[in-house]
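Here is my input; please provide its structure:
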Amino acid sequence: MPLAQEPCPAVVNPLSDAETQALLGQVSDWAIESGKLVKTFRFANYYETLAFVNASAYISHKVDHHPELHVTYNTVRIAYDTHSVNGLSRNDFVCAARTDALLG
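Numbering: from 1, shown residues only. Next comes the predicted model:
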């Protein structure tokens, strides 16, 4: 099953370094920074930026897994981590893959 189609269970386990690296290879242009899964998206204008923010917010709301967002005129920086495991879980990567799928 593709990562973007996997469920996001409420109870998860922290990922090992090996698991994190394996999953990192399944999402495009995401990186690990300060223990978070991050990516910056760039857009042509503010309207496109906010449309993306709203679409990504819907994804987050639907699975109850919310990232940190930093929004400027034409960029969105998204940072995922899982507070309940004090690190990264598979849910972070599932949400990253779903976010990437917004841009097809």
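
mind checking the longest helix of the protein?
Taking DSSP state H as the criterion, the chain has its longest helix at helix 46-63.

what packs against that helix?
strand 68-71, strand 75-80, helix 90-101 (3 or more C-beta pairs under 8 Å, 6 or more residues apart in numbering; DSSP states H and E). For glycine as for every other residue, the C-beta is placed from the backbone atoms N, C-alpha and C.

list the helices and strands the longest one packs on?
Applying 3+ C-beta pairs under 8 Å, 6+ apart, we find helix 90-101 packed against helix 17-24, strand 36-42, helix 46-63, strand 75-80.

now swap in the shortest one and tell me
The criterion is 3+ C-beta pairs under 8 Å, 6+ apart, and the helices and strands that strand 68-71 contacts are helix 46-63, strand 75-80.

Is it possible to get JSON lines of these that adds mean neighbour count and distance to Asp92?
Shown next, in JSON lines, are these (neighbours: other C-beta atoms under 10 Å; distance: least, C-beta to C-beta, whole Å):
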{"stretch": "helix 46-63", "mean neighbour count": "14", "distance to Asp92": "11"}
{"stretch": "strand 75-80", "mean neighbour count": "19", "distance to Asp92": "4"}
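
To Ala22, which of these lies closest?
strand 75-80 (16.4 Å; C-beta to C-beta).

and that closest one, C-alpha only, in PDB?
The C-alpha coordinates for strand 75-80 follow below in PDB (Å, rounded to 0.1, in the frame of the first residue of the first chain):
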ATOM      1  CA  THR A  75       6.400  29.700   1.000                       C
ATOM      2  CA  VAL A  76       5.100  27.100   3.500                       C
ATOM      3  CA  ARG A  77       7.500  25.300   5.800                       C
ATOM      4  CA  ILE A  78       5.900  22.200   7.300                       C
ATOM      5  CA  ALA A  79       7.400  20.300  10.300                       C
ATOM      6  CA  TYR A  80       6.000  17.100  11.500                       C
END
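
I am finished for the moment; much appreciated.
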